[in-house]
Every structure is written in C-alpha cells, then in structure tokens.
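Novice: What would the 3D arrangement of this be:
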Amino acid sequence: MTGREGRGAGAVRPGEELDLEALGAWLAPRVPGLHGEPAVTQYSGGASNWTYRLEYETHDLVLRRPPAGTKAKSAHDMGREYRIQRALEPVFPLVPAMVAHCDDPGVLGAEFYVMRRVPGVVLRRRVPEGIRLGPPTARALCLSAVDTLVALHRVDPVATGLGDLGRGPGYPRRQIQGWSDRYVRARTWNVPTFRAVREWLAAHTPEDVATCVIHGDFRLDNLVLDPADPSRILAVLDWEMATLGDPLMDLGNSLAYWVQADDDVIARSTRRQPTHLPGMLTRRELVDAYFERSGLARPTNWVFYEVYGLFRLAVIAQQIYYRYHHRETRNPAFRHFWVAVRYLDWRCRRLIRSARAGRRV
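Specialist: So this is what the prediction gives:
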C-alpha cells in the first residue's frame, strides 16, 4: 500500500507505534535531505501488514511492516514485496517508487521497507466526497483497469529479473490443491465442506495458458486514481501476493470481488468497491474486454476461472472467520463471515450447474 486518501490514515493504533529515533538513524543515510521527525499516521485499511505515512518537511514516505508476533516470514515477506516492485519500476511505471528495505529486525522489531507516497484517491465501498464518477468516467475507469492488468501480464519476467519468482508450469493445479488444503484446515462446523466444488475444480483444472507476472489481488480498491480524472490510474498497490502464474487465474481472482448492480442482496452486501454504479462494466463485459485487449483466446472452460476465484475468496473469508471463531481475534466485523462462505459455496455450485447445462453465466 501507499498513502491514499479515503483509506483511513489516522492516529497510530496503541501498541503499534514506531521507534522514530531508531528509524531516523537508519533512514537518514538512505534518503538525501531527510531531517527532523516526521508526522506519523497509520492506514486503517487492510487486515494484513501495518502501513504508516511518514510526512517529513521534504519527503512524503510510506513504511510497510508485518504485524507484531508474525512467525511465518513467507506470509509477510517484506523483502520479496520490495524486490518485486523495485524490479517492475523500469517497465511498469504504476508501482510506487521504492526507497529502501531493512532486513534487520533490530531497527523496528521486524523487517520493513519504505517507499514514496503516491498522492491520489482510492475507491472504497462509497465514492469519496468530491469525486465525480459519472457513467462515462466509470466505464473509462473499468477499461483503464483492464488495460493496466493486460500491461502487467505482458511484462517479461526474465528481462526484469523476476524469472525465479514462481515455481514454473503447473500453477493452476498448485493453486487448486493449495486453497483446497487451506479450506479443510480452516473449516468450522457452521460452513459447508465445499467437497463438490473442490472435486469439480480438481477434475477440471486446465494447463497453464501462459506464465507471467500476476498481481494476485488486482481490484479497484488497490488502485490510486487521479482525483481530477478518476479514470486515470496513478499506481497499483498491495503487491504481497504477486508471483509468476497464469494470467486467467489472476483475472478470475479479480472477478470474484466484482459486484454488479443486478446481483442479489447478499452479494451487494459484501461489496467493497463501487462496481455497481451506472457505467461500470458487468463481469461479462469485463472479461470480454480483457480478452479483446490481451489478444488471448477465450477458453471454452472459462467458468473454471470464475469458480476458482469465488472459491479462493471463500477460503480467505473462512481463514479470517476461523480466527474469530477460535477467539484469536474479537473484531466484530468478522462475526458473520461464515454466512458469506456459505453464500460463496452456493455461487460456485450455481456456476458449475450452468456449465454442465451449457449456459453462459
């Protein structure tokens, strides 16, 4: 993440303060002209890494670090996230400018990295006050987002030094196996087994369409937009799930979050980006635009990627609910996530039935 209006930059949460003296001593030699102490605020968005704005007189920076007590480095690998964005900068200018990475936990108690803040606006559930997003602008934004995803998928990973980022061919099968295993481990008594969905996905997993740099969490609320022209994308944020993989799996992930105006009431209640507004593309239009702009052939088994995206989202929701269910967190926002999991099981099974009947959903 970088700094973003509308994302909730405010007072630092108790217990999550930064040691500014230690940070300043480490950062000063790496940022020419840096002096004094910054005004520090913390972004409330996101449920993973801690992200802070460091506002100096001469520099506007963002610091990103794992939460306290993190044990699995692979889940919050700051060095990996920094390296990916640093490598992409010359060929994909929509990544924030990287400043420095610190792998010494003795400075702030954990690994972290610092980047330049990208001023702009991020669309959340409600459009921020003062931002005009009429139908022509909404449509233009959707197409800009598609073009941005296509541009990322066209990056040459070897030429950028990211050729070793993934594990090679077999990405779709690894994803289905991995997410299935995670769901089984996180299941609680009040959610379905997803057995039919998991078995169908395993039986219909295709070979890789291609291997390219994928974002893993490409959504409207991970884009920084120009407030004067919200169809203009200034930056793409949150690269922690980026890897080398199948571009259609990336598109399927994005589609799972795309709630449109004619969706049912449960889907609309889960909406976290304003994809329901007049002018926004429907899911079908979004997919059509991607294939038209990417030049990739639309596979006959496209529904696999839609089901995968919804199933992956269900696993993510269930992993969060599992923590609430076992009192590892008492955040009331997670209390009813089990309902969303049950709903996503229904959505997956409906898509599978439609595919068997030969209907396009």
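Novice: distance of the residue nearest to residue 147 when sequence neighbours are not counted from residue 150?
Specialist: For residue 147, ignoring the flanking residues on the chain, the nearest one in space by Cβ to Cβ, 6 or more residues apart in numbering is residue 293 at 6.1 Å. All C-beta atoms are positioned from the backbone trio N, CA, C, and that covers glycine. Counting by Cβ to Cβ, to the nearest Å, the separation of residue 293 from residue 150 is 5 Å.
Novice: which strands and helices sit next to the longest helix seen in the chain?
Specialist: Counting residues, the longest helix found in the chain (DSSP state H) is helix 303-325. When contacts are defined as 3 or more Cβ pairs under 8 Å, 6 or more residues apart in numbering; DSSP states H and E, helix 303-325 packs onto helix 171-186, helix 195-203, helix 247-256, helix 337-356.
Novice: for the record, mean pLDDT for whichever helix or strand comes after the shortest one?
Specialist: The one in question is helix 195-203. Helices and strands here follow DSSP states H and E; after helix 195-203, the next one along the chain is strand 212-214. Mean per-residue pLDDT for strand 212-214: 97.
Novice: if we can go back for a sec, check contacts around the residue nearest to residue 147.
Specialist: 146-147, 150 (Cβ atoms under 8 Å, 6 or more residues apart in numbering).
Novice: run the last query once more with 10 Å
Specialist: 143, 146-147, 149-151 (Cβ atoms under 10 Å, 6 or more residues apart in numbering).
Novice: and residue 233, how far is that from residue 218?
Specialist: 11 Å.
Novice: related to what we said a few turns ago, sticking with the residue nearest to residue 147, tell me its helix or strand.
Specialist: Counting by DSSP H and E, residue 293 is part of helix 283-294.
Novice: angle of that helix against helix 247-256?
Specialist: Helix 283-294 runs at 150 degrees relative to helix 247-256, counting by axes from the mean of the first three to the mean of the last three Cα atoms, to 10 degrees.
Novice: Looking at the record's assignment, how would you partition this structure?
Specialist: 9-116, 135-356 (automatic domain parsing).
Novice: helix or strand for the most centrally placed residue in the chain, which one?
Specialist: Note on the chain: the residue nearest the mean C-alpha position is residue 217, at 2.6 Å, using Cα atoms, centre = their mean. Taking DSSP H and E as the definition, residue 217 sits outside all helices and strands.
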